[in-house]
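Trainee: coordinates for the following, if possible.
(one chain, ligands or ions: 1)
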Amino acid sequence: MKNVVVVGAGPGGASIAYLLANRGIAVTLVERRRDFAREFRGEILMPSGIEALHQMGLGEALAQTDSHAAPDFTLYMNSKQIVAEHLDPEFFQGHPPLAISQPALLEAIVAEAEKLPRFKFERGVSVKELVEEGGAVTGVTIRDDDGDRFLPADLVIGSDGRNSVVRKHLDHGVTENSPPMDIVWCKLPCPEDWPGVKAYVGRGHLLVAYHTWDHSLQLGWVILKGTFGELRDKGIEAWIEEMARHVSPDLAAHLRAHSAAAQKPFLLDTVSDCVDSWSGPGVLLIGDAAHTMSPVGGQGVNIALRDAIVAANYLVPILNNPSTSVTEMTSALQSIEKERRIEVDYIQNLQAKPPKIVLSRAWWGEPVRRLAGFALGSQRIRRKAAQGVSAFPFGVRDVTLEV
Ligand SMILES: Cc1cc2nc3c(=O)[nH]c(=O)nc-3n(C[C@H](O)[C@H](O)[C@H](O)COP(=O)(O)OP(=O)(O)OC[C@H]3O[C@@H](n4cnc5c(N)ncnc54)[C@H](O)[C@@H]3O)c2cc1C
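Mentor: Prediction:
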């Protein structure tokens with residue numbers, strides 16, 4: 001019987017581990033954190049990600065997860081509202097975007113997997129290195145409070161995120177496409193009746209504010225990469241004042257009234273990249289380990305879930321077949337990357353565009369932003385723009401679980 005080690009229980013790792021174990025494959029899922037809540041995790045789930053969970057049979061796990069539907073989108077340009085859309089569920093094919101508690105969702109997926117006889121979860125255990133024999137990966141060394149242990153594997157799946165140990169072991173080239181931005185992240189109490197997501201663009205800044213699953217207001221203040229030091233030097237009060245000047249009067253008043261609650265903003269480094277080849281003998285990368293996603297358009301969780309579906313389609317038949325040859329395994333791993341790259345490349349290119357315009361301090365930045373704001377006043381242009389970014393909610397192509 002073939003044996004798989006999955007490194008990292010984020011959305012990609014938890015879901016591929018569940019899918020494989022649910023189809024009779026022996027899987028050990030290794031997660032360095034004891035508690036999913038201790039790490040920052042993206043919270044917006046798009047229709048494509050929700051649909052992926054339903055296909056996997058995890059709709060009930062999602063239904064039990066704390067969430068808040070976010071079908072409203074409001075856009076302000078230089079403090080003036082230019083778009084206010086309430087998109088009905090039909091537009092989202094029955095799955096409006098959700099702000100979810102990702103830790104709760106991960107716990108629910110792992111709980112489902114733990115019902116399966118061939119699934120094992122090593123929680124609070126780090127993979128330190130991959131072990132090779134005869135040029136192929138044959139397992140991993142893990143470390144916990146009792147020391148180091150070897151876990152043998154016919155296949156190691158690296159779903160260990162942007163600082164992946166598995167990626168480092170593969171040591172393949174990486175193509176960088178990081179936007180020139182970072183995000184300052186902080187939560188405040190949510191105003192009454194805050195509808196979904198509001199974005200405030202203007203004067204080289206962007207503030208995104210959305211109603212979270214725990215009924216807080218999540219603020220993401222987008223800054224030019226490398227300028228967090230300037231902001232920290234000015235202090236929290238000056239930062240709140242800067243945001244207040246940038247937004248509509250209602251939110252400005254709210255920010256000033258709750259400045260005491262914003263004492264611990266933290267910086268999230270924005271990265272977008274893609275490993276040039278996602279596999280090697282006995283090893284495969286998926287999710288952020290293969291292609292780190294920027295936060296633009298809330299895509300990374302959805303893409304990781306869809307990677308897991310495509311990986312399962314190729315892996316289940318070959319892992320369930322005791323006479324699979326090395327060549328067949330290599331070819332399956334390469335096919336997963338080939339199929340997924342079409343969507344990943346497209347989405348990463350789409351994600352790269354808005355920051356260039358929104359954050360530009362070049363002479364043309366403000367005129368282009370004003371022109372875009374003016375154009376978006378027209379419903380016809382808004383519809384065209386929505387078509388242009390439809391890959392954000394729906395993905396680039398259908399992803400269907402076939403096994
Ligand atoms: C500011 C910001 C906001 C974002 N917002 C969103 C959003 O709203 N919606 C969205 O879809 N995406 C969002 N993203 C992107 C999203 O968070 C990631 O793309 C997504 O989490 C990738 O999932 P993953 O399963 O590949 O990896 P991860 O979620 O990074 O999970 C990797 C897991 O591996 C574990 N791990 C790491 N190393 C080891 C090791 N050596 N041994 C064992 N375990 C290990 C980690 O603890 C972690 O649990 C955002 C990103 C940023 C930076």
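Trainee: which bits of the protein sit near the ligand?
Mentor: Applying CB under 6 Å from any ligand atom, we find that the chain lies next to the ligand at 7-13, 30-33, 39, 41-44, 126-127, 159-161, 165, 183, 268, 270, 287-289, 293, 295, 298-302, 304. (Glycine included, C-beta is placed from N, CA and C.)
Trainee: among those residues, which are located in helices?
Mentor: Pro11, Gly12, Gly13, Val165, Gly300, Val301, Asn302, Ala304 (DSSP state H).
Trainee: ok, the closest residue to the ligand within the stretch 151-300 of the chain - contacts?
Mentor: In the stretch 151-300 of the chain, the residue found nearest to the ligand is Gly300; the distance is 1.7 Å by CB to the nearest ligand atom. Gly300 sits next to Gly42, Gly287, Asp288, Thr292, Met293, Ser294 when contact means CB atoms under 8 Å, 6 or more residues apart in numbering.
Trainee: most neighbours among those residues, which one is it?
Mentor: Gly287 (31 neighbours; other CB atoms under 10 Å).
Trainee: quick one: contacts for that residue?
Mentor: Contacts of Gly287 by CB under 8 Å, 6+ apart are Gly8, Gly10, Pro11, Gly12, Gly13, Ser159, Gly161, Gly300, Ile303, Ala304, Asp307, Ala308.
Trainee: would you list those residues in JSON lines and tack on pLDDT?
Mentor: Output for the contacts of Gly287, formatted as JSON lines (pLDDT from 0 to 100):
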{"residue": "Gly8", "pLDDT": "98"}
{"residue": "Gly10", "pLDDT": "97"}
{"residue": "Pro11", "pLDDT": "98"}
{"residue": "Gly12", "pLDDT": "98"}
{"residue": "Gly13", "pLDDT": "98"}
{"residue": "Ser159", "pLDDT": "98"}
{"residue": "Gly161", "pLDDT": "97"}
{"residue": "Gly300", "pLDDT": "97"}
{"residue": "Ile303", "pLDDT": "98"}
{"residue": "Ala304", "pLDDT": "98"}
{"residue": "Asp307", "pLDDT": "98"}
{"residue": "Ala308", "pLDDT": "98"}
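Trainee: make sure Pro89 is actually in contact with Ile50.
Mentor: No. Here Pro89 does not reach Ile50: they are 11.4 Å apart, not a contact under CB atoms under 8 Å.
Trainee: mind putting the ones in helices among the residues of the chain next to the ligand into CSV with distance to Gly220?
Mentor: Putting those into CSV (distance: CB to CB, whole Å) gives the following:
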residue, distance to Gly220
Pro11, 19
Gly12, 22
Gly13, 25
Val165, 28
Gly300, 14
Val301, 15
Asn302, 18
Ala304, 20
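Trainee: which members of those define the maximum pairwise distance?
Mentor: Val165 and Asn302 (24.1 Å; CB to CB).
Trainee: those two - which one has more neighbours?
Mentor: Asn302 (31 against 19).
Trainee: report the contact partners of that one.
Mentor: Residues near Asn302 by CB under 8 Å, 6+ apart: Leu45, Met46, Ser48, Gly49, Ala52, Gly395.
Trainee: try it again with 7 Å
Mentor: Leu45, Met46, Ser48, Gly49 (CB atoms under 7 Å, 6 or more residues apart in numbering).
Trainee: could you find the closest non-adjacent residue to the last one?
Mentor: Right, Gly49. Asn302 (3.3 Å; CB to CB, 6 or more residues apart in numbering).
Trainee: likewise the first one?
Mentor: Once flanking residues are discounted, Leu45 sits nearest to Leu98: 4.7 Å by CB to CB, 6+ apart.
Trainee: quick one: pLDDT of that neighbour?
Mentor: Per-residue confidence at Leu98 stands at 93 (pLDDT).
Trainee: equivalent analysis for Ala104, please.
Mentor: With respect to pLDDT, Ala104 scores 96.
Trainee: burial measure for it, as a count.
Mentor: Ala104 has 19 neighbouring residues, counting by other CB under 10 Å.
Trainee: before we move on, the earlier item: quickly name whichever of the contacts of Asn302 is closest to Leu224.
Mentor: So of those, ranked by how close each gets to Leu224 (CB to CB), first place is Met46, at 26.6 Å.
Trainee: for the residue in the stretch 301-403 of the chain positioned nearest to the ligand, give me its contacts.
Mentor: Closest contact between the stretch 301-403 of the chain and the ligand, by CB to the nearest ligand atom, is at Val301 (3.2 Å). By CB under 7 Å, 6+ apart, the contact list for Val301 reads Pro11, Gly42, Leu45, Gly49, Gln102.
Trainee: could you work out the most separated pair of these?
Mentor: Farthest-apart pair in those is Gly49 and Gln102; separation 10.9 Å (CB to CB).
Trainee: mind checking which of the two has more residues around it?
Mentor: Neighbours of Gly49 and Gln102, each counted by other CB under 10 Å, are more numerous for Gly49; the result is 28 against 22.
Trainee: pull out the buried residues from stretch 250-266.
Mentor: For stretch 250-266, a neighbour-count test (16 or more other CB atoms under 10 Å) marks Leu251, Ala252, His254, Leu255, Ser259, Ala262, Pro265 as buried.
Trainee: which of those fall in strands?
Mentor: Among these, DSSP state E puts none in strands.
Trainee: quick one: those as JSON lines, columns for pLDDT and distance to Asp145 too.
Mentor: Below are these laid out as JSON lines (pLDDT from 0 to 100; distance: CB to CB, whole Å):
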{"residue": "Leu251", "pLDDT": "93", "distance to Asp145": "46"}
{"residue": "Ala252", "pLDDT": "94", "distance to Asp145": "49"}
{"residue": "His254", "pLDDT": "95", "distance to Asp145": "45"}
{"residue": "Leu255", "pLDDT": "95", "distance to Asp145": "44"}
{"residue": "Ser259", "pLDDT": "90", "distance to Asp145": "42"}
{"residue": "Ala262", "pLDDT": "81", "distance to Asp145": "37"}
{"residue": "Pro265", "pLDDT": "85", "distance to Asp145": "33"}
